[in-house]
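1. just need the structure, nothing else, for what follows:
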Amino acid sequence: MDLKPLFEPRTMAVFGVSSSNYRHPANEIFNKNLLRYPVRVYGINPRGGTINGQSIHKSISDVPEPVDLAVIAVRADLVLEVMVACIEAGVRSAIVISGGFTEVGRQDLQEKIVAVAKEAAFPFIGPNCLGIYVPSRVDTFFLPGERMVTPVVGNVSFVSQSGGILVDQMIKFTSEGVGFAKTISIGNKALLGELDILDYLAADPSTEVIAFYIEGFGENAGREFVLKAGKCGKPVVVLKSGKSPGGSRAVSSHTATLAGDYASFSAVLSQYGIVEAVNELELVSFCDSLSAYVKSGYAKPVEGRVGIVTVSGGHGAIAVDACTARGITVPPLPEEIQDELRKNLSPSVQGIAALGNPIDLTGSGIDEDFVATARIFFAREDIDCVLALLLPYIPGITSDLGAKLSSVARQYGKPLIAYVPHVEKYAMLIEGFNLNGAPVAPSIEGAVLMVDALRRNRP
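-> Below you'll find the predicted structure:
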């Protein structure tokens, strides 16, 4: 099946729009795409009428041009009739927003629309979903635009069984500056599921990191997913729910899928080099790190040997504990290397800095001390990643330090990860890192998670 019309539609028909109910989900979808996106959109309702100054067509056959994507937001018992009409009219794909299928025990309705779609080779996402959001191209989420956070354009594509989880993560990713290529809510995944979307995204030039929120799989689909993900050539991050007996029951009631044996699934993910996030913090941190360094093309493989530079001994100690807990090593610097570094530090720091690794430049540290330390770390064979823990309120640090350090990282071809508190006052410092492709975590734990993602991503 050709999935390009789903993700790159030039024309869209929205079924279920209402000339009287302004807040109908179909109206939200129609209005957003009419006013904000380049796709040409048509409203469909047998009653006709107008919406936002546009005529509502009574039938898909009345639309004056071929339709790439149908968005179906009508009662569940009407979906089959609409889908048949779309197929007969030559529509190329569909998203079924409507709920009321297997998740409420109506497997018969779902099986009928799947049978019709398979016979016609007609791709559709859903039912019981939000559909897709592709920045600057299309948005089938029925959520009011004024209540949505608009993500920045990036290289992460996120696939989720849960629409609520997807939107929540879009907000959290955006708050950390992580951009999306595509976000996809697959709901009941009656026809197209994780395997189909993975195949598409693996070949999608705008997607460089693929993330999944997974509740469960059909029979044998979990094994096939892992095999494909491990060989797709792009980092894959998975957040799985249904790990506990209670969580498994919740999954079954949500989208009528089976959560399966979590322990076995988790072990196989690790075996195939697929990065598993155990919670939302890890999901965002992992995607942030991988999206930064996969697209750069210069980061060397990371074994998990970290050099840490800070101006606070406490921050360094917390970072070492976090690294140790995850199997990441912090190799000590030999005495002769410490002596060499000390000579390159500013006079106010030379006599008081602790140089063993982590390196504590103390509150007297300045930009040039960080740069000198970074060069020492990056030049060493036993260090494959540098963690810079910055406290921007230290007097000697300027807003240019992020740009200076990340520029050094690019020269050596090794990843740099920073911790900087994420507040508006420090935006210029953070921007300096981001402009050179270095990710910035809002916590020490988040920075260590970013290292861990690079270490665990081994297809």
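2. give the contact list for Gln54.
-> 34, 42-43 (C-beta atoms under 8 Å, 6 or more residues apart in numbering). Placement of C-beta: from N, CA and C, glycine included.
3. repeat the analysis, applying 10 Å as the threshold.
-> Contact analysis of Gln54 by C-beta atoms under 10 Å, 6 or more residues apart in numbering lists 17, 30-31, 34, 41-43.
4. tell me the mean pLDDT for stretch 381-389?
-> Per-region confidence: stretch 381-389 scores 96 on mean pLDDT.
5. buried set for it?
-> Using 16 or more other C-beta atoms under 10 Å as the burial criterion, the residues of stretch 381-389 that qualify are 383-389.
6. I'd like the residues you listed as CSV, with secondary structure appended.
-> Below are those laid out as CSV (DSSP: H, G, I helix; E, B strand; the rest coil):
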residue, secondary structure
Ile383, coil
Asp384, coil
Cys385, strand
Val386, strand
Leu387, strand
Ala388, strand
Leu389, strand
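7. list just the nearest of the residues you listed to Ile132.
-> Set against Ile132, the nearest of the buried residues of stretch 381-389 by C-beta to C-beta is Cys385 (34.7 Å).
8. hmm, that closest one is touching Pro415, no?
-> Yes - the criterion here is C-beta atoms under 10 Å, and Cys385 meets it with Pro415 at 4.9 Å.
9. mind listing the shared neighbours of the two?
-> In contact with both Cys385 and Pro415: 289, 293, 299-300, 302, 306, 378, 409, 450-451, 454, using C-beta under 10 Å, 6+ apart.
10. tell me the least confident of those?
-> If you rank these by pLDDT, Ala299 sits at the bottom with 53.
11. top of the contacts of Gln54 by neighbour count?
-> Val17 (31 neighbours; other C-beta atoms under 10 Å).
12. how about that one: what's its closest non-neighbour residue?
-> Gly43 (3.8 Å; C-beta to C-beta, 6 or more residues apart in numbering).
13. please apply the same query to Leu34.
-> Val41 (5.1 Å).
14. list the neighbouring strands of the lengthiest strand in the chain plus their orientation.
-> Using DSSP state E, we find that the single longest strand of the chain is strand 153-160. Note on strand 153-160: by DSSP bridges, its sheet partners are strand 180-185 (parallel), strand 209-214 (parallel).
15. does the residue nearest to Leu34 belong to a helix or a strand, and which?
-> strand 40-44 (DSSP states H and E).
16. how distant is the host helix or strand of Val451 from the center of its chain?
-> Here Val451 sits within helix 444-456, counting by DSSP H and E. Taking C-alpha atoms, centre = their mean, to the nearest Å, the mean C-alpha location of helix 444-456 is offset from the chain mean by 16 Å.
17. repeat for stretch 214-232
-> With C-alpha atoms, centre = their mean, you get 18 Å for stretch 214-232.
18. end-to-end on that stretch?
-> Stretch 214-232 has an end-to-end distance of 18 Å (C-alpha to C-alpha, to the nearest Å).
19. picking that back up, what packs against the strand holding Val41?
-> strand 11-15, helix 25-36, strand 50-51, strand 54-57, strand 69-72, helix 76-88 (3 or more C-beta pairs under 10 Å, 6 or more residues apart in numbering; DSSP states H and E).
20. tell me the most buried of these?
-> The highest mean neighbour count among these, using mean count of other C-beta atoms under 10 Å, belongs to strand 69-72: a mean of 29.
21. same for it, what does it pack against?
-> Strand 69-72 packs on helix 4-7, strand 11-15, helix 25-36, strand 40-44, helix 76-88, strand 94-96, strand 124-125, strand 131-134, going by 3+ C-beta pairs under 10 Å, 6+ apart.
22. let's have those in JSON lines, adding distance to Ile51.
-> Compiled in JSON lines, the helices and strands packed on strand 69-72 are given as follows (distance: least, C-beta to C-beta, whole Å):
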{"stretch": "helix 4-7", "distance to Ile51": "23"}
{"stretch": "strand 11-15", "distance to Ile51": "9"}
{"stretch": "helix 25-36", "distance to Ile51": "6"}
{"stretch": "strand 40-44", "distance to Ile51": "5"}
{"stretch": "helix 76-88", "distance to Ile51": "17"}
{"stretch": "strand 94-96", "distance to Ile51": "19"}
{"stretch": "strand 124-125", "distance to Ile51": "23"}
{"stretch": "strand 131-134", "distance to Ile51": "19"}
